[in-house]
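Asker: Any chance you could fold what I've pasted below:
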Amino acid sequence: MKTIQDLIFDFDGTLADTAPLIMATMQTTIHELQLPPRTDTECRATIGLRLEDVPAELWPGDTVAENTFVAAYRRIFNRLKRPLSVECFPGVLPTLGHLHRSGFRMAIASSRSHASLDEYVDMLGIAHYFTMIVGGNDVAEGKPSPEAVLKILDRCSWSADETLTIGDAPVDILMGRSAGTATCAVTYGNGKESDLRSAAPTYITDNFPDIINFCSMSQS
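Answerer: Numbers count the residues shown, from 1 in each chain. Just a heads-up that it's a prediction; the model follows:
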C-alpha cells in the first residue's frame, strides 16, 4: 500500500450519530403504513443501504412496502429531524480538523440523499473539509457497489492505492475494497464488529482519532 493521501468517509454511523433519528423514523413509518413489524435490530441492520433498497431487505416481495415506504419515510423524517438532535461522534470534529490542516483531501460516500447530506454537513460545520460529497441518489448502484468511491476517485483525480475508505458497515468496507482502496472499519456505529471483521478491513478501530495513526503508519 502506498502512502495515504486521501480519505473517503461514510456519514451515518461513521461521522454522525444519526441512528436514534433513523430508528424513530423507521418505526413510525412501519406503524403508520401498518407494515409487518420489524425489530430495532432488524431495522438498524439496514442503516448504510440506500433508502430505496430498504423495503426489499425488510419485506422481500411486499409490493405495498416497495411502493409506499420511501415516500412515507422521507415525510416522517422531515417531521422528526428537528426535535431529534444529530451530533458528530466523539473525536470526529478535532480529527477532521487535524487531517485537513495536515493536507489530507477528504470526501464523503453515503447512502443518504445528497440534499440531506448537504444539510447535515452544513449544520455540523464540516462542509468545508470535503472536496466532494456523493449521496445515494448520485449513483446507479448503492453499496456495496464501488460506484460511489470510483466516482470520487475519477472526479477528484485521486489514486485508489493512496486512498482510505472509512465506514461502520460491512457494505462500506466491501465498497472500498472493490474500488481498490485501503479500508478502515469503525466499530462504534451501526455494524457488528464480527461482521466488520468478516469484511476484512485493512484497519479496524473503536476510536475515530486512530485514523490519524493509520495515515501516519502508511507514511513510515
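
Asker: in this protein, which segments are predicted with low confidence?
Answerer: 1, 83-84, 219-220 (pLDDT under 70).

Asker: Select the longest helix from it.
Answerer: helix 63-80 (DSSP state H).

Asker: how does the protein divide up, domain by domain?
Answerer: Domain assignment for the chain by automatic domain parsing gives 6-17+87-219, 19-80.

Asker: one step back: hmm, who's touching the longest helix of the chain?
Answerer: 21, 24-26, 28-29, 32-33, 35, 51-52, 54-56, 58-59 (CB atoms under 8 Å, 6 or more residues apart in numbering). Any C-beta I mention is one placed from the backbone N, CA and C, and that applies to glycine too.

Asker: need the helices for the chain, in chain order.
Answerer: With DSSP H as the criterion, the chain has helices spanning 19-33, 40-44, 54-58, 63-80, 92-101, 114-124, 147-156, 170-179, 193-198, 210-219.

Asker: which residues touch residue 8?
Answerer: 106-109, 149, 152, 163-166, 176, 181.

Asker: Quick one: those as a markdown table, columns for distance to residue 96 and neighbour count too.
Answerer: Shown next, in a markdown table, are the contacts of residue 8 (distance: CB to CB, whole Å; neighbours: other CB atoms under 10 Å):
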| residue | distance to residue 96 | neighbour count |
| --- | --- | --- |
| 106 | 7 | 19 |
| 107 | 12 | 24 |
| 108 | 11 | 27 |
| 109 | 15 | 30 |
| 149 | 19 | 28 |
| 152 | 17 | 26 |
| 163 | 16 | 25 |
| 164 | 14 | 24 |
| 165 | 16 | 32 |
| 166 | 11 | 27 |
| 176 | 18 | 31 |
| 181 | 18 | 29 |
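
Asker: Between those, which sits nearest residue 6?
Answerer: residue 163 (4.4 Å; CB to CB).

Asker: For residue 150, see how far away that closest one is.
Answerer: Distance, residue 163 to residue 150, using CB to CB, to the nearest Å: 11 Å.

Asker: cool, residue 95 as well?
Answerer: Separation of residue 95 from residue 150 (CB to CB): 25 Å.

Asker: quick one: contacts for the residue nearest to residue 148 when sequence neighbours are not counted?
Answerer: Leaving aside its chain neighbours, residue 148 sits nearest to residue 109 (3.9 Å; criterion: CB to CB, 6 or more residues apart in numbering). Each residue near residue 109 by CB under 8 Å, 6+ apart is listed here: 8-10, 134, 148-149, 152, 165, 175.

Asker: could I get those as CSV with distance to residue 44?
Answerer: Output for those, formatted as CSV (distance: CB to CB, whole Å):
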residue, distance to residue 44
8, 23
9, 20
10, 15
134, 23
148, 21
149, 24
152, 26
165, 21
175, 19
